[in-house]
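A.B. asks: Using only what follows, build the 3D model:
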Amino acid sequence: MDKKPVLVSGLQPTGHLHIGNYLGALKNLVDLQNSGDYECYFFIADLHSITESYEPKEKYQQILDLTADYLAAGIDPKKSVIFQQSRIPAHSELAWILNTITPMGELERMTQFKDKAGRQESNVNVGLFDYPVLMAADILLYAPKLVPVGDDQLQHLELTRTVARKFNAKFGNAFIEPKALLTKTPRVMSLKDPSKKMSKSQPDSCLFIDDTPEEIQRKIARAVTDSDIAIKYDPVGKAGLANLLDIYAALTHMEPKTVAEEFADAKYSEFKKKLGALVSGHFAEFREKKKAALATPKKLEAFLVSGSKKANIIATKKIEEIKQRVGVSRD
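C.D. replies: Numbers count the residues shown, from 1 in each chain. Below you'll find the predicted structure:
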């Protein structure tokens, strides 16, 4: 029987996940796991998360919170390996080795670095700049054939492929060049400013997936639309309404234009009320499961310890091979 292709993905523990994180990443990971077609490794990218400003006393709780998100959304430790990045020393070790063959020019052209540096001008650190190399290490350690990504991560994955190719040319074939598994990721925009992506940094313009039904209704009721009363799908002329239609469509597996046609005779307030009920109902089971998971933090930690041990076996074997290839370790 052929071995299933390995698939690797991670999310950062930086606070509550919003509906954009769910539709753009978490839901896809659950679907890929449940397809039965892949050997899945899903990790908590805590080393990446400390490149942005944070409160140290809150970080470990954020790690447990994201673990609870994984479980509540349907990531199953019996089907997938869930692990914590910082518990695997090989991630940092391999990142350093890959740093020595990564051209500065490759990192300087990364658009996400420019965007993040612009948002956190008082904390433009080396880790933020070097983020894609650690990401390459995260991926290459587990020899995945596929990495699920949205369009915004394609540049980072291409760097991973470039670094793998350079390493193989210099030290022998040690890495598989992973391919992108492009996932359909709806671009969920801010409820207050539909020209910008939804962001955790603006809680009132953000639908968190563990918001209460009352919070969801309040935020959607206040979401920016326009003065025109016609419900139609027009992402340019009616961006705010289009964003709400996109959310409704993504949760019902409909096309946004079809949703608009369904509500063509409704008032904005009626549509918003229906959307609020849809979002709240969609995540009702998630909220209950997450609440139960967070009530037993020792179990969450046990999942991370167990998964990290499994991942560490693979990562340690790989980093020992890499050390031998670069000449810092004997056979």
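
A.B. asks: thinking residue 67 is in contact with residue 304, fair?
C.D. replies: Yes. Residue 67 lies in contact with residue 304 (C-beta atoms under 8 Å); the separation is 6.0 Å. Any C-beta I mention is one placed from the backbone N, CA and C, and that applies to glycine too.

A.B. asks: any shared contact partners between those two?
C.D. replies: Residues touching both residue 67 and residue 304 (C-beta atoms under 8 Å, 6 or more residues apart in numbering) are 44, 82.

A.B. asks: out of those two, which sits in the more crowded spot?
C.D. replies: A direct count of neighbours by other C-beta atoms under 10 Å for residue 67 and residue 304 places residue 67 higher, at 26 against 20.

A.B. asks: Around residue 298, how many other residues sit close by?
C.D. replies: Residues lying near residue 298 (other C-beta under 10 Å) number 8.

A.B. asks: can you check residue 60 too?
C.D. replies: Other residues near residue 60 number 14, with proximity taken as other C-beta under 10 Å.

A.B. asks: Residue 15 versus that one, what's the distance?
C.D. replies: Using C-beta to C-beta, to the nearest Å, residue 60 is found at 13 Å from residue 15.

A.B. asks: And for residue 298?
C.D. replies: Residue 298 is 22 Å from residue 15, where distance means C-beta to C-beta.

A.B. asks: cool, residue 92 as well?
C.D. replies: Distance, residue 92 to residue 15, by C-beta to C-beta: 24 Å.

A.B. asks: So the two - more neighbours on which side?
C.D. replies: For residue 92 and residue 15, the more surrounded residue by other C-beta under 10 Å is residue 15, and the numbers stand at 17 against 14.

A.B. asks: Mind listing what's buried along stretch 21-39?
C.D. replies: For stretch 21-39, burial by neighbour count (16 or more other C-beta atoms under 10 Å) applies to 21-30, 32-33, 38-39.

A.B. asks: swap that for stretch 209-222, please
C.D. replies: For stretch 209-222, the neighbour count (16+ other C-beta under 10 Å) marks 209, 210, 211, 215, 216, 217, 219, 220 as buried.

A.B. asks: Kindly report the same for stretch 123-135.
C.D. replies: Residues of stretch 123-135 classed as buried under the neighbour-count rule (16+ other C-beta under 10 Å) are 128, 129, 130, 131, 132, 133, 134, 135.

A.B. asks: what about that stretch, average pLDDT?
C.D. replies: Mean per-residue pLDDT for stretch 123-135: 86.

A.B. asks: chain center to that stretch, what's the gap?
C.D. replies: Its chain's average C-alpha position is 17 Å from that of stretch 123-135, according to C-alpha atoms, centre = their mean, to the nearest Å.

A.B. asks: Check stretch 201-208 too.
C.D. replies: Worked out by C-alpha atoms, centre = their mean, stretch 201-208 lies 17 Å from the chain centre.

A.B. asks: next one: stretch 124-139
C.D. replies: Taking C-alpha atoms, centre = their mean, one finds stretch 124-139 lying 15 Å from the centre of the chain it belongs to.
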